[in-house]
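Q: What follows is a predicted protein model with its sequence.
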Amino acid sequence: MWTSCAGAVIVAGMLTSSVSYGQDTSLDRRAFLDAAESVASVVSAEYFDAAVGQRAAAHLREFAAATTVEDGSPARLASIMTRELYAVTSDKHLAVTVRPPATPSAPAPAEARAKRAAFENYGFRAVTILDGNIGYLDIRTFYRIDEARSTLDAAMRFLGHADALIIDLRSNSGGSPETVAHLADYLFDRPGKLLFDIVPRTGPAVHYSTASPVADGANGTRPMFVLTSARTFSAGEGLAFILQEERRAVVVGERTPGAANPGRSYPAGSIFDVTVPNGQVRSARSGGNWEGVGVNPDVTMPADGAQAAAVDLARRALSSSAEAPR
(Lines give C-alpha, C1' and ligand atoms only; values in the text may rest on other atoms or scores of the structure.)
Protein backbone atom coordinates (compact mmCIF):
# COMPACT_ATOMS: atom_id res chain seq x y z
CA MET A 1 0.00 0.00 0.00
CA TRP A 2 0.95 3.64 -0.18
CA THR A 3 2.33 4.78 3.15
CA SER A 4 2.21 8.48 3.77
CA CYS A 5 2.61 10.76 6.76
CA ALA A 6 0.28 13.36 5.21
CA GLY A 7 -2.31 14.34 7.80
CA ALA A 8 -1.27 11.51 10.09
CA VAL A 9 -2.36 12.27 13.65
CA ILE A 10 -2.81 9.69 16.36
CA VAL A 11 -6.29 10.02 17.84
CA ALA A 12 -6.38 10.46 21.59
CA GLY A 13 -9.18 9.52 23.91
CA MET A 14 -10.51 6.58 21.93
CA LEU A 15 -12.93 4.27 23.72
CA THR A 16 -11.24 0.97 24.52
CA SER A 17 -12.16 -2.13 26.42
CA SER A 18 -10.74 -2.32 29.93
CA VAL A 19 -9.91 -6.01 29.36
CA SER A 20 -6.99 -7.26 27.30
CA TYR A 21 -7.88 -10.09 24.94
CA GLY A 22 -5.60 -12.55 23.20
CA GLN A 23 -5.83 -13.35 19.52
CA ASP A 24 -7.53 -16.69 20.23
CA THR A 25 -10.03 -15.29 22.72
CA SER A 26 -13.66 -14.78 21.75
CA LEU A 27 -14.77 -11.23 22.48
CA ASP A 28 -18.07 -10.72 24.25
CA ARG A 29 -20.64 -8.24 23.02
CA ARG A 30 -19.40 -5.40 25.21
CA ALA A 31 -15.85 -5.83 23.94
CA PHE A 32 -17.09 -5.93 20.33
CA LEU A 33 -19.05 -2.71 20.81
CA ASP A 34 -15.99 -1.05 22.34
CA ALA A 35 -13.79 -2.25 19.46
CA ALA A 36 -16.26 -1.00 16.86
CA GLU A 37 -16.43 2.36 18.59
CA SER A 38 -12.62 2.62 18.65
CA VAL A 39 -12.37 1.82 14.95
CA ALA A 40 -15.24 4.18 14.10
CA SER A 41 -13.60 7.01 16.03
CA VAL A 42 -10.34 6.66 14.10
CA VAL A 43 -12.07 6.44 10.72
CA SER A 44 -14.24 9.47 11.47
CA ALA A 45 -11.24 11.53 12.56
CA GLU A 46 -8.67 10.47 9.95
CA TYR A 47 -10.29 9.39 6.67
CA PHE A 48 -9.22 11.85 3.96
CA ASP A 49 -12.81 12.57 2.92
CA ALA A 50 -14.36 13.75 6.18
CA ALA A 51 -17.96 13.27 5.06
CA VAL A 52 -17.36 9.73 3.83
CA GLY A 53 -15.37 8.87 6.95
CA GLN A 54 -18.20 10.03 9.18
CA ARG A 55 -20.76 8.02 7.21
CA ALA A 56 -18.60 4.91 7.41
CA ALA A 57 -18.14 5.39 11.16
CA ALA A 58 -21.88 5.86 11.69
CA HIS A 59 -22.61 2.74 9.66
CA LEU A 60 -20.13 0.66 11.69
CA ARG A 61 -21.63 1.86 14.97
CA GLU A 62 -25.16 1.05 13.79
CA PHE A 63 -24.08 -2.35 12.52
CA ALA A 64 -22.36 -3.25 15.80
CA ALA A 65 -25.35 -2.13 17.86
CA ALA A 66 -27.79 -4.20 15.81
CA THR A 67 -25.67 -7.31 15.26
CA THR A 68 -24.95 -10.38 17.31
CA VAL A 69 -21.79 -12.06 16.07
CA GLU A 70 -21.57 -15.77 16.85
CA ASP A 71 -17.85 -16.05 16.10
CA GLY A 72 -16.29 -13.39 18.31
CA SER A 73 -12.66 -14.17 17.54
CA PRO A 74 -10.58 -11.03 16.90
CA ALA A 75 -9.67 -12.17 13.38
CA ARG A 76 -13.32 -12.72 12.49
CA LEU A 77 -14.40 -9.40 13.97
CA ALA A 78 -11.62 -7.56 12.13
CA SER A 79 -12.84 -9.11 8.88
CA ILE A 80 -16.43 -8.12 9.60
CA MET A 81 -15.53 -4.52 10.46
CA THR A 82 -13.40 -4.26 7.31
CA ARG A 83 -16.34 -5.54 5.25
CA GLU A 84 -18.76 -3.04 6.73
CA LEU A 85 -16.40 -0.10 6.20
CA TYR A 86 -15.86 -1.17 2.60
CA ALA A 87 -19.63 -1.30 2.07
CA VAL A 88 -19.70 2.48 2.55
CA THR A 89 -16.34 3.60 1.15
CA SER A 90 -15.41 0.96 -1.48
CA ASP A 91 -11.85 1.75 -0.36
CA LYS A 92 -9.51 -1.24 -0.57
CA HIS A 93 -6.94 0.41 1.70
CA LEU A 94 -9.35 0.78 4.64
CA ALA A 95 -8.86 -2.33 6.74
CA VAL A 96 -9.03 -3.51 10.35
CA THR A 97 -6.39 -5.97 11.53
CA VAL A 98 -5.53 -7.73 14.76
CA ARG A 99 -2.44 -6.30 16.44
CA PRO A 100 0.26 -8.96 16.95
CA PRO A 101 0.64 -9.76 20.64
CA ALA A 102 3.71 -8.43 22.38
CA THR A 103 5.99 -11.11 23.79
CA PRO A 104 9.17 -10.74 25.85
CA SER A 105 11.25 -12.50 23.19
CA ALA A 106 9.84 -10.57 20.23
CA PRO A 107 12.18 -7.99 18.68
CA ALA A 108 11.25 -4.31 18.78
CA PRO A 109 9.08 -3.24 15.83
CA ALA A 110 11.89 -1.19 14.27
CA GLU A 111 14.31 -4.10 14.57
CA ALA A 112 11.82 -6.56 13.12
CA ARG A 113 11.09 -4.24 10.21
CA ALA A 114 14.78 -3.73 9.48
CA LYS A 115 15.36 -7.49 9.41
CA ARG A 116 12.37 -8.07 7.14
CA ALA A 117 13.42 -5.28 4.77
CA ALA A 118 16.94 -6.67 4.44
CA PHE A 119 15.64 -10.23 4.03
CA GLU A 120 13.44 -9.02 1.16
CA ASN A 121 16.32 -7.06 -0.40
CA TYR A 122 14.32 -3.88 0.13
CA GLY A 123 11.71 -5.03 -2.36
CA PHE A 124 14.02 -5.74 -5.30
CA ARG A 125 13.60 -9.37 -6.31
CA ALA A 126 15.50 -9.49 -9.61
CA VAL A 127 17.60 -7.26 -11.86
CA THR A 128 19.15 -8.63 -15.03
CA ILE A 129 19.93 -8.05 -18.69
CA LEU A 130 17.92 -10.22 -21.07
CA ASP A 131 18.97 -11.20 -24.57
CA GLY A 132 18.98 -8.21 -26.88
CA ASN A 133 20.25 -5.88 -24.12
CA ILE A 134 16.80 -5.55 -22.54
CA GLY A 135 16.88 -4.61 -18.87
CA TYR A 136 14.53 -6.40 -16.47
CA LEU A 137 13.63 -5.18 -12.96
CA ASP A 138 11.28 -7.07 -10.61
CA ILE A 139 10.08 -4.93 -7.68
CA ARG A 140 7.82 -6.54 -5.05
CA THR A 141 7.55 -3.69 -2.51
CA PHE A 142 8.49 -0.03 -2.35
CA TYR A 143 10.23 0.16 1.01
CA ARG A 144 10.84 3.55 2.58
CA ILE A 145 13.37 5.62 0.69
CA ASP A 146 15.86 5.67 3.58
CA GLU A 147 15.79 1.86 3.51
CA ALA A 148 15.67 1.23 -0.25
CA ARG A 149 17.72 4.06 -1.76
CA SER A 150 21.09 2.35 -2.07
CA THR A 151 19.61 -0.87 -3.48
CA LEU A 152 17.43 1.06 -5.93
CA ASP A 153 20.39 3.17 -7.08
CA ALA A 154 22.56 0.09 -7.56
CA ALA A 155 19.85 -1.65 -9.58
CA MET A 156 19.33 1.33 -11.87
CA ARG A 157 23.06 1.81 -12.38
CA PHE A 158 23.28 -1.84 -13.41
CA LEU A 159 20.49 -1.25 -15.94
CA GLY A 160 21.89 2.04 -17.14
CA HIS A 161 23.20 0.72 -20.48
CA ALA A 162 20.18 -1.41 -21.38
CA ASP A 163 18.54 -0.32 -24.64
CA ALA A 164 15.03 -1.08 -23.35
CA LEU A 165 13.60 -1.61 -19.88
CA ILE A 166 10.91 -3.91 -18.44
CA ILE A 167 9.64 -3.15 -14.93
CA ASP A 168 7.78 -6.09 -13.40
CA LEU A 169 5.09 -4.98 -10.95
CA ARG A 170 2.93 -8.10 -11.17
CA SER A 171 3.55 -8.98 -7.51
CA ASN A 172 4.10 -5.47 -6.19
CA SER A 173 2.14 -4.79 -3.00
CA GLY A 174 2.79 -1.02 -2.87
CA GLY A 175 4.69 1.08 -0.38
CA SER A 176 6.38 4.45 -0.20
CA PRO A 177 5.52 7.30 -2.59
CA GLU A 178 8.98 8.78 -1.99
CA THR A 179 10.55 5.59 -3.33
CA VAL A 180 8.26 5.59 -6.37
CA ALA A 181 9.33 9.16 -7.09
CA HIS A 182 13.01 8.27 -6.69
CA LEU A 183 12.68 5.40 -9.15
CA ALA A 184 11.07 7.85 -11.56
CA ASP A 185 14.26 9.94 -11.34
CA TYR A 186 15.83 7.31 -13.61
CA LEU A 187 12.89 7.07 -16.01
CA PHE A 188 12.56 10.71 -17.10
CA ASP A 189 15.15 13.15 -18.41
CA ARG A 190 13.32 16.25 -17.20
CA PRO A 191 14.64 17.62 -13.90
CA GLY A 192 12.06 18.67 -11.36
CA LYS A 193 9.19 17.13 -13.30
CA LEU A 194 6.07 17.08 -11.13
CA LEU A 195 4.72 13.52 -10.96
CA PHE A 196 1.85 13.58 -8.47
CA ASP A 197 0.51 15.21 -5.34
CA ILE A 198 -0.88 13.66 -2.18
CA VAL A 199 -3.62 15.86 -0.79
CA PRO A 200 -4.30 15.27 2.93
CA ARG A 201 -7.59 15.78 4.73
CA THR A 202 -6.33 19.11 5.99
CA GLY A 203 -3.28 21.19 5.17
CA PRO A 204 -1.23 21.67 2.02
CA ALA A 205 -0.62 19.03 -0.63
CA VAL A 206 2.67 17.12 -0.67
CA HIS A 207 4.37 17.32 -4.08
CA TYR A 208 6.46 14.53 -5.62
CA SER A 209 8.82 15.36 -8.48
CA THR A 210 11.83 13.97 -10.26
CA ALA A 211 15.23 15.02 -8.99
CA SER A 212 16.88 18.25 -9.98
CA PRO A 213 19.44 17.96 -11.50
CA VAL A 214 18.67 14.80 -13.44
CA ALA A 215 19.84 11.62 -11.71
CA ASP A 216 23.09 10.13 -12.98
CA GLY A 217 22.02 7.34 -15.33
CA ALA A 218 18.53 8.70 -16.03
CA ASN A 219 17.18 7.66 -19.42
CA GLY A 220 13.88 9.09 -20.56
CA THR A 221 14.00 7.91 -24.15
CA ARG A 222 14.56 4.14 -24.24
CA PRO A 223 11.49 1.95 -24.79
CA MET A 224 9.93 0.92 -21.51
CA PHE A 225 7.32 -1.67 -20.57
CA VAL A 226 5.51 -2.22 -17.26
CA LEU A 227 4.00 -5.58 -16.27
CA THR A 228 0.83 -5.62 -14.15
CA SER A 229 -1.56 -8.19 -12.71
CA ALA A 230 -4.65 -8.40 -10.53
CA ARG A 231 -2.18 -8.54 -7.58
CA THR A 232 -0.47 -5.24 -8.41
CA PHE A 233 -1.57 -2.92 -5.60
CA SER A 234 -1.45 0.67 -4.44
CA ALA A 235 1.95 2.26 -5.13
CA GLY A 236 2.65 -0.48 -7.66
CA GLU A 237 -0.46 0.65 -9.49
CA GLY A 238 0.66 4.23 -9.04
CA LEU A 239 3.93 3.80 -10.90
CA ALA A 240 2.15 2.02 -13.76
CA PHE A 241 -0.54 4.72 -13.86
CA ILE A 242 1.91 7.62 -13.96
CA LEU A 243 4.16 6.07 -16.61
CA GLN A 244 1.14 5.20 -18.75
CA GLU A 245 -0.47 8.62 -18.36
CA GLU A 246 2.79 10.35 -19.23
CA ARG A 247 3.07 8.04 -22.26
CA ARG A 248 6.43 6.96 -20.97
CA ALA A 249 5.73 3.22 -20.87
CA VAL A 250 3.52 0.54 -22.38
CA VAL A 251 1.58 -1.37 -19.72
CA VAL A 252 1.25 -5.11 -20.40
CA GLY A 253 -0.80 -7.61 -18.41
CA GLU A 254 -3.98 -7.47 -16.32
CA ARG A 255 -6.12 -4.65 -14.97
CA THR A 256 -5.08 -3.73 -11.43
CA PRO A 257 -7.44 -3.65 -8.40
CA GLY A 258 -7.78 0.14 -8.07
CA ALA A 259 -6.40 1.14 -4.66
CA ALA A 260 -5.02 4.67 -4.81
CA ASN A 261 -5.68 6.42 -1.50
CA PRO A 262 -2.55 6.46 0.69
CA GLY A 263 -2.70 6.09 4.44
CA ARG A 264 -1.23 4.60 7.56
CA SER A 265 -2.06 2.30 10.45
CA TYR A 266 -3.61 3.63 13.67
CA PRO A 267 -4.21 1.84 16.98
CA ALA A 268 -7.91 1.23 17.64
CA GLY A 269 -8.47 -0.07 21.12
CA SER A 270 -6.52 -2.75 22.90
CA ILE A 271 -6.12 -5.40 20.17
CA PHE A 272 -7.05 -3.89 16.82
CA ASP A 273 -5.32 -1.59 14.36
CA VAL A 274 -7.02 0.13 11.45
CA THR A 275 -5.33 1.30 8.26
CA VAL A 276 -6.98 4.54 7.21
CA PRO A 277 -6.37 6.41 3.95
CA ASN A 278 -5.58 9.95 5.05
CA GLY A 279 -4.75 11.44 1.64
CA GLN A 280 -5.75 11.43 -2.00
CA VAL A 281 -3.39 11.03 -4.96
CA ARG A 282 -3.67 13.50 -7.84
CA SER A 283 -1.50 12.97 -10.89
CA ALA A 284 0.33 15.95 -12.34
CA ARG A 285 -1.03 15.46 -15.85
CA SER A 286 -4.75 14.96 -15.29
CA GLY A 287 -5.33 15.43 -11.57
CA GLY A 288 -6.85 11.94 -11.49
CA ASN A 289 -5.88 8.57 -10.09
CA TRP A 290 -6.77 4.88 -10.34
CA GLU A 291 -9.00 4.56 -7.28
CA GLY A 292 -11.80 2.08 -7.90
CA VAL A 293 -11.00 1.57 -11.59
CA GLY A 294 -7.43 0.29 -11.62
CA VAL A 295 -4.86 0.66 -14.37
CA ASN A 296 -6.11 -0.67 -17.69
CA PRO A 297 -3.18 -2.16 -19.64
CA ASP A 298 -2.30 -1.01 -23.13
CA VAL A 299 -1.83 -4.69 -23.96
CA THR A 300 -4.30 -6.83 -22.02
CA MET A 301 -3.38 -10.46 -21.44
CA PRO A 302 -2.96 -13.01 -18.63
CA ALA A 303 -0.23 -11.96 -16.23
CA ASP A 304 1.80 -15.13 -16.66
CA GLY A 305 2.38 -14.29 -20.32
CA ALA A 306 3.10 -10.59 -19.85
CA GLN A 307 6.90 -10.84 -19.57
CA ALA A 308 7.32 -12.80 -22.79
CA ALA A 309 4.99 -10.38 -24.58
CA ALA A 310 6.91 -7.36 -23.28
CA VAL A 311 10.22 -8.87 -24.39
CA ASP A 312 8.78 -9.34 -27.87
CA LEU A 313 7.48 -5.77 -27.93
CA ALA A 314 10.85 -4.45 -26.74
CA ARG A 315 12.72 -6.32 -29.46
CA ARG A 316 10.33 -4.99 -32.09
CA ALA A 317 10.74 -1.44 -30.78
CA LEU A 318 14.52 -1.72 -30.86
CA SER A 319 14.63 -3.28 -34.31
CA SER A 320 12.51 -0.45 -35.73
CA SER A 321 14.52 2.30 -34.07
CA ALA A 322 17.22 4.07 -36.03
CA GLU A 323 19.27 4.21 -32.86
CA ALA A 324 19.04 0.50 -32.09
CA PRO A 325 22.36 -1.41 -32.01
CA ARG A 326 23.10 -3.20 -35.29
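A: In hand now; what should we look at?

Q: what separates the closest residue to residue 144 other than its chain neighbours from residue 273, distance-wise?
A: Leaving aside its chain neighbours, residue 144 sits nearest to residue 176 (4.9 Å; criterion: C-beta to C-beta, 6 or more residues apart in numbering). (Each C-beta comes from the backbone N, C-alpha and C, glycine too.) According to C-beta to C-beta, to the nearest Å, residue 176 and residue 273 sit 19 Å apart.

Q: ok, these two, which is more surrounded?
A: More neighbours surround residue 176 than the other of residue 176 and residue 273, with 23 against 19 (other C-beta atoms under 10 Å).

Q: wait, isn't that one in contact with residue 145?
A: Yes - with contact defined as C-beta atoms under 8 Å, residue 176 reaches residue 145; the gap is 6.0 Å.

Q: Show me the shaky parts of the stretch 201-326 of the chain.
A: The model of the stretch 201-326 of the chain has pLDDT under 70 over residues 322-326.

Q: Show me where the stretch 101-250 of the chain has its strands.
A: Taking DSSP state E, counting those that start in this stretch as the test, the strands found in the stretch 101-250 of the chain are 124-130, 134-139, 164-168, 194-200, 206-209, 224-228, 250-253.

Q: where along the stretch 1-150 of the chain do the helices fall?
A: For the stretch 1-150 of the chain, helices defined by DSSP state H, counting those that start in this stretch occupy the ranges 29-46, 50-66, 74-89, 109-119, 145-158.

Q: Check the ones you listed for me: which has the lowest mean pLDDT.
A: Lowest mean pLDDT of those: helix 109-119, a mean of 91.

Q: re earlier: and residue 243, which of the strands of the stretch 101-250 of the chain is closest to it?
A: Of all the strands of the stretch 101-250 of the chain, it is strand 224-228 that lies closest to residue 243, at 5.8 Å by C-beta to C-beta.

Q: who's in contact with the residue nearest to residue 114 when sequence neighbours are not counted?
A: Take residue 114 and drop its neighbours on the chain: the residue closest to it by C-beta to C-beta, 6+ apart is residue 147, 7.7 Å away. Residues in contact with residue 147 (C-beta atoms under 8 Å, 6 or more residues apart in numbering) are 114, 117, 122.

Q: Next, work out how far apart the first one and residue 308 are.
A: To tie it back to what came earlier, the one meant is residue 114. According to C-beta to C-beta, residue 114 and residue 308 sit 36 Å apart.

Q: Can you give me the domain boundaries for the protein?
A: Following automatic domain parsing, the chain resolves into domains at 7-106+263-277, 120-258+294-319.

Q: Return the most buried member of those.
A: Burial of these is given as mean neighbour count (mean count of other C-beta atoms under 10 Å); domain 120-258+294-319 ranks first at a mean of 20.

Q: Would you mind measuring the gap between the ends of it?
A: 36 Å (C-alpha to C-alpha, to the nearest Å).

Q: go on, stretch 106-125?
A: Using C-alpha to C-alpha, first and last residues of stretch 106-125 are 27 Å apart.

Q: any idea how far that stretch is from the chain center?
A: 17 Å (C-alpha atoms, centre = their mean, to the nearest Å).

Q: Show residues contacting it.
A: Contacts of stretch 106-125 (C-beta under 8 Å, 6+ apart): 100, 137-143, 147-148, 151-152, 155, 171, 175, 179.

Q: Closest one to residue 241 out of the residues you listed, please.
A: The closest of the contacts of stretch 106-125, once distances to residue 241 are taken by C-beta to C-beta, is residue 142, at 13.9 Å.

Q: For the residue nearest to the closest one when sequence neighbours are not counted, give me the pLDDT.
A: Excluding the flanking residues, the one nearest residue 142 by C-beta to C-beta, 6+ apart is residue 175, at 3.0 Å. We have a pLDDT of 97 for residue 175.

Q: Could you shift the numbering so residue one becomes 23, and keep it that way?
A: Sure, I'll start numbering at 23, so the last one becomes residue 197.

Q: Quick check: residue 197 vs residue 291, distance?
A: 27 Å.

Q: Residue 162 now?
A: According to C-beta to C-beta, residue 162 stands 32 Å off from residue 291.

Q: what do you get for residue 123?
A: Distance from residue 123 to residue 291, by C-beta to C-beta: 14 Å.

Q: what do you get for residue 280?
A: Per C-beta to C-beta, residue 280 is found 29 Å from residue 291.

Q: just residue 65 next, same as before
A: Taking C-beta to C-beta as the measure, residue 65 and residue 291 are separated by 13 Å.

Q: Residue 284: neighbour count?
A: 28.

Q: Residue 301 is in contact with that one, correct?
A: Yes - using C-beta under 8 Å as the test, residue 284 is close enough to residue 301 to be in contact (4.9 Å).

Q: thinking again about what came up before, from the contacts of stretch 128-147, which is closest to residue 306?
A: Minimum distance to residue 306 across the contacts of stretch 128-147 is 17.7 Å, recorded for residue 201 (C-beta to C-beta).

Q: which ones are touching the closest one?
A: Residue 201 makes contact with 145, 164, 165, 166, 167, 170, 171, 174, 257, according to C-beta under 8 Å, 6+ apart.
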